[in-house]
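**Q** Predicted model and sequence below, questions to follow.
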Amino acid sequence: MDCQGWALFGLLATAALTAVMIAAQMAGWTRLDLPLVLGTLVTADPDKARVAGFFIHLVAGQAFALGYAAVFALLGRATWWIGALLGLLHVAVALTVILPLLPGIHPRMATTRAGPSGRAALEPPGLLALNYGIQTPAVAVAAHVVYGSLLGLLLTVY
């Protein structure tokens, strides 16, 4: 596995995923603002949170790119369609496990069981992140398929 390849291409794939998510949010297809959700883990100020969350998201994207590259290395090849399948697996875990558990650890997110606290600034995403809009799961799936297929394609040609 080439360290320079996964690092550079992971950054490009994360940028593409982020662009899809931001474009969908700006188009009104979802209210999910990943930089805000991630950034409010470390600061209550929404403007600072978006900046911090953007960098947290880039680091997470790199970590996932390393995982994808490891799977490609284990399989002995990288293709766009294997990347797309990994993207589907990635988003399935994110929407059904990670996001529903987030209110349990997020200091500024309300919970579905206890409701908002004095510090809660965000609503809980819920299963499939449906609390952020009915189209949010489709947007998340599209963004992660773009991420995985782009990563697989770039690692194929490299």
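**A** Ah, there it is. Residues are numbered from 1 along each chain as shown.

**Q** what packs against the helix or strand harbouring Thr156?
**A** Element membership of Thr156, judged by DSSP states H and E, is helix 136-157. On a contact count with 3 or more Cβ pairs under 8 Å, 6 or more residues apart in numbering; DSSP states H and E, helix 136-157 meets helix 3-26, helix 46-75, helix 80-93. For glycine as for every other residue, the C-beta is placed from the backbone atoms N, C-alpha and C.

**Q** quick one: the next helix-or-strand element following the shortest one to chain centroid distance?
**A** Beyond helix 80-93 in the direction of the C-terminus, DSSP H and E gives the next helix or strand as helix 99-101. Centroid displacement of helix 99-101 relative to its chain, using Cα atoms, centre = their mean, to the nearest Å, is 13 Å.

**Q** Stretch 97-117 too?
**A** That offset, for stretch 97-117, works out to 17 Å (Cα atoms, centre = their mean).

**Q** Next: stretch 73-92.
**A** 16 Å.

**Q** what is the mean pLDDT for it?
**A** What stretch 73-92 shows for mean pLDDT is 96.

**Q** So which bits of it are buried?
**A** By 16 or more other Cβ atoms under 10 Å, the buried positions in stretch 73-92 come out as 78, 80, 82-87, 90-91.

**Q** out of those, who's nearest Tyr68?
**A** Leu86 (5.4 Å; Cβ to Cβ).

**Q** wait, isn't that closest one in contact with Val71?
**A** Yes: between Leu86 and Val71 there is a contact under Cβ atoms under 8 Å: 6.1 Å.

**Q** about what we covered before: any chance of the helices and strands packed on helix 136-157 in TSV, plus distance to Gly133?
**A** Shown next, in TSV, are the helices and strands packed on helix 136-157 (distance: least, Cβ to Cβ, whole Å):
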stretch	distance to Gly133
helix 3-26	9
helix 46-75	19
helix 80-93	16
